[in-house]
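Student: can you look at this prediction? I've put the sequence above it.
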Amino acid sequence: QVQLVESGGGLVQSGDSLRLSCAASSAAVSTYAMGWFRQAPGMEREFVALINAYGTRTLYGDYAKGRFTISRDNPKNTIHLQMNDLEPEDTAAYYCAASIIFPARQTGEFEFWGQGTQVTVSS
């Protein structure tokens, strides 16, 4: 069992940046591909970004390309999502998740989930 805890969300203005973090309870997370999803009110949870276990390969949702960067620090059991040039449309709860497969984009492909951190972008 891997527990994931997200942090770093908050209220920012359009054009600002935020860095989200996901702390894992176990070093076993280093064997998982790690991803970020987001969910706005009334919407389905959608894929944001994914990084493989070694940190050598990444995938991004179309709206994240060029603005968001996913990274991981395996010795610290931590995953980050750097978000730049934020827009009001990025407002959502952001979730960290772990998958044993890469690539993975569907929620059903992820075994463990965090509780989420809220990001709100004002115009």
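Tutor: Yep, it's here.
Student: contact partners for the residue minimising distance to the centre of the chain?
Tutor: The centre of the chain sits closest to residue 36, judged by Cα atoms, centre = their mean, with a distance of 2.3 Å. Contacts for residue 36 were tallied using Cβ atoms under 8 Å, 6 or more residues apart in numbering; they are 20, 22, 48-50, 70, 79, 81, 94-97. Yep, even glycine has a C-beta here, placed from its N, CA and C like the rest.
Student: and which of these is nearest residue 1?
Tutor: Nearest to residue 1 out of these is residue 97 (Cβ to Cβ; 13.9 Å).
Student: from the chain's centroid, how far away is the helix or strand containing that closest one?
Tutor: Assigned by DSSP states H and E, residue 97 belongs to strand 92-99. Distance of strand 92-99 from the chain centroid (Cα atoms, centre = their mean, to the nearest Å) equals 5 Å.
Student: and if you look at stretch 102-109?
Tutor: 13 Å.
Student: tell me which residues in it are buried?
Tutor: Neighbour-count burial for stretch 102-109 flags 102, 104, 107, 109 (criterion: 16 or more other Cβ atoms under 10 Å).
Student: would a markdown table of these with distance to residue 29 be doable?
Tutor: Below are the buried residues of stretch 102-109 laid out as a markdown table (distance: Cβ to Cβ, whole Å):
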| residue | distance to residue 29 |
| --- | --- |
| 102 | 14 |
| 104 | 15 |
| 107 | 18 |
| 109 | 16 |
